[in-house]
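*Asks:* model this:
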Amino acid sequence: MANTFKSNCSANIVTSGNNIYTCPSATQTTLIGMTLSNKSGSTVIANVYLTRSATDYSIISNAPIITGSTLVPIGGDQKVVLQAADVLKVTVSANGSVDVITSLLEIA
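*Replies:* Down below sits the predicted model:
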């Protein structure tokens, strides 16, 4: 089995349709860190969820991120294991207001 650390960056998240990461086939991925950064001039609301087999599971829901601040929903003691075809998604209340950086370990 090959273990590969990866970083994934997504800029200018919009209010819907933001697939941040899709776990490849024949792979398990450990999401070891996730940072959402508010670069807008006002507070935004963020949602992070995992879609598995067409069902959405909330990781964090309706979380405020104040201006110039960050939200770290995954990191430290919190890890999330993704299975093949799982999709990590983020939505925010204002288009282009948030950037997302994830740190991952793919095991294939």
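*Asks:* mind listing the strands for the protein?
*Replies:* Here the chain has its strands, by DSSP state E, at 3-13, 19-22, 28-38, 44-52, 55-65, 70-74, 80-82, 87-92, 98-107.
*Asks:* the second one pairs with which strands?
*Replies:* As defined by DSSP bridges, the strand partners of strand 19-22 come to strand 87-92 (antiparallel).
*Asks:* hey, C-alpha coordinates of the strand it pairs with in CSV?
*Replies:* Presented in CSV, the C-alpha positions along strand 87-92 are these (Å, rounded to 0.1, in the frame of the first residue of the first chain):
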residue,chain,number,x,y,z
VAL,A,87,-16.9,13.7,-1.6
LEU,A,88,-15.9,16.5,0.8
LYS,A,89,-18.0,19.6,0.2
VAL,A,90,-18.1,23.2,1.5
THR,A,91,-20.8,25.9,1.1
VAL,A,92,-20.7,29.5,2.3
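*Asks:* what distance separates it from the centre of its chain?
*Replies:* 6 Å (C-alpha atoms, centre = their mean, to the nearest Å).
*Asks:* got the contact list for it?
*Replies:* Contacting residues not belonging to strand 87-92 are listed as 10, 13-16, 18-23, 31, 36, 44-52, 56, 82, 98, 100, 102 [C-beta atoms under 8 Å, 6 or more residues apart in numbering]. C-betas here are computed from N, CA, C, even on glycine.
*Asks:* of those, keep whichever come out buried.
*Replies:* Neighbour-count burial (16 or more other C-beta atoms under 10 Å) is assigned, among these, to 10, 13, 18, 20-21, 23, 31, 36, 44-50, 82, 98, 100, 102.
*Asks:* follow-up on the earlier one: CSV for the strands of the chain, including mean pLDDT?
*Replies:* CSV is the format used below for the strands of the chain (pLDDT from 0 to 100):
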stretch, mean pLDDT
strand 3-13, 96
strand 19-22, 96
strand 28-38, 97
strand 44-52, 97
strand 55-65, 97
strand 70-74, 96
strand 80-82, 97
strand 87-92, 97
strand 98-107, 97
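*Asks:* and P73, how far is that from Q83?
*Replies:* Counting by C-beta to C-beta, to the nearest Å, the separation of P73 from Q83 is 19 Å.
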